[in-house]
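Asks: for reference, the sequence and a predicted model appear below.
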Amino acid sequence: MQLPLWNEKRYAPYKVAALVEVLNEQGIAPEASLSGSGLSPESLTQPHTLTSIRQYITVCHNALQLSKDPETPFRVGSRIPLSAYGMYGFALVCSPTIREYFQVAVKYHRLATPLLSMSWREERDSVSWVLAMNPVVAHPDSLVRFLLEQQLTQLTTHLRTVVEPGCCHPIRAALPYAPPRHLNLYKRYIGCDLKFGQPVCELSYSKSILSEKPHMAHRLTSKLMWDTCDRILGEVKTSIGVAGEVYQIIASTPGHSPTMEIVADRLATTVRTLHRRLHAEGVSFTQILDDVRCNLAKEYLRSTKLSIDDISELVGFSEATNFRHAFHRWTGSKPANFRS
């Protein structure tokens, strides 16, 4: 997943607002909670306000300094409904199955103020969310725990709200820090076996939940929402940072796959510098190339009657078989099935 930039203002302020609200209930004035963020209490109520990861992290730092209540991140996580995520949230709640819920959550996570990197893993008897810190976020251990406690609470709360009561309770959580004093809060909000001092953060469920259906499951609506999220995600990728410049250069040469050397030359820089700058944005040249090819292929399949062989050539593949394999890897679908 391509990770967002630190100062990129693209996110509705719902997470900031939830945190400020919880702190206000503890007697901490909103002005103090927002100190240094460049946000005002009034701006949080404006429909056009957009925030960045830096701004939210600033408010989290303030919370750690101003509040002594360890329940703060849990309360925040439990108060952010899926509806706050807009189209991304709607795509989640109408997923045909929980398996597709997991897929959608990870694929479009960038649209939801992603403070953490999120993936999922399916094993023989379980399915797990896997969480890691966003590398663009400088963080002390106290902030790591704060963000993970909030994210774990959000994940458990959201799943419990989209299915029948009792269907989606986690079975265990792995946490990359020592046991805190407030273990009772983990039991209250997350409610599963806990293992501390682990190399990675994971929240695991019984694999049987993957076949469960959300209350609002609807395959046609979900596909419409996925298309909308694809377009929004594409707009994000093509408009920011060095990754956006690389994306636009590649997208402007359909039928050809410019090398990293050619793109670096177009940007008047070296391959080494380009690699370093993309790495700082949490993305690789190969990932951008795949994104361009995937988005172009889907657009050709949606809006033209070109043959699969022709589309394969237009997106830079010399063999249609290789294109079919790549398209299935990108989307989980065959090109012909996607078109139909």
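Replies: All right, it came through fine.

Asks: let me see the ranges of the helices in the stretch 201-340 of the chain.
Replies: Applying DSSP state H, counting those that start in this stretch to the stretch 201-340 of the chain gives helices spanning 219-237, 241-251, 260-266, 271-280, 285-303, 308-314, 320-331, 335-339.

Asks: which of those is buried the deepest?
Replies: Mean neighbour count, computed with mean count of other CB atoms under 10 Å, is highest for helix 241-251 among these, reaching a mean of 20. Every C-beta, even on glycine, is put in place using the N, C-alpha and C of the backbone.

Asks: pull that one out as PDB, backbone CA atoms only.
Replies: Provided in PDB are the C-alpha atoms of helix 241-251 (Å, rounded to 0.1, in the frame of the first residue of the first chain):
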ATOM      1  CA  GLY A 241       4.500  14.300  -4.200                       C
ATOM      2  CA  VAL A 242       7.200  12.700  -6.400                       C
ATOM      3  CA  ALA A 243       5.000   9.500  -6.600                       C
ATOM      4  CA  GLY A 244       2.300  11.600  -8.300                       C
ATOM      5  CA  GLU A 245       4.800  13.000 -10.800                       C
ATOM      6  CA  VAL A 246       6.100   9.500 -11.600                       C
ATOM      7  CA  TYR A 247       2.500   8.300 -12.000                       C
ATOM      8  CA  GLN A 248       1.600  11.000 -14.500                       C
ATOM      9  CA  ILE A 249       4.800  10.400 -16.600                       C
ATOM     10  CA  ILE A 250       4.100   6.700 -16.900                       C
ATOM     11  CA  ALA A 251       0.300   7.300 -17.500                       C
END
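
Asks: dump the helices of the stretch 201-340 of the chain to TSV, plus mean pLDDT.
Replies: TSV is the format used below for these (pLDDT from 0 to 100):
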stretch	mean pLDDT
helix 219-237	81
helix 241-251	81
helix 260-266	92
helix 271-280	89
helix 285-303	86
helix 308-314	90
helix 320-331	90
helix 335-339	89
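
Asks: can you put those helices in JSON lines and add distance to residue 153?
Replies: As requested, those are exported to JSON lines (distance: least, CB to CB, whole Å):
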{"stretch": "helix 219-237", "distance to residue 153": "24"}
{"stretch": "helix 241-251", "distance to residue 153": "31"}
{"stretch": "helix 260-266", "distance to residue 153": "41"}
{"stretch": "helix 271-280", "distance to residue 153": "30"}
{"stretch": "helix 285-303", "distance to residue 153": "30"}
{"stretch": "helix 308-314", "distance to residue 153": "44"}
{"stretch": "helix 320-331", "distance to residue 153": "31"}
{"stretch": "helix 335-339", "distance to residue 153": "36"}
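
Asks: quick one, which of these is nearest to residue 166?
Replies: helix 219-237 (23.9 Å; CB to CB).

Asks: report the central residue of this structure.
Replies: residue 109 (1.7 Å; CA atoms, centre = their mean).

Asks: quick one: contacts for the residue lying closest to it once chain neighbours are set aside?
Replies: Nearest residue to residue 109 in three dimensions, chain neighbours excluded: residue 118, at 5.0 Å (CB to CB, 6 or more residues apart in numbering). Neighbour list for residue 118: 1, 105, 106, 109, 129, 130, 131, 151 [criterion: CB atoms under 8 Å, 6 or more residues apart in numbering].

Asks: I appreciate the help and will end here.
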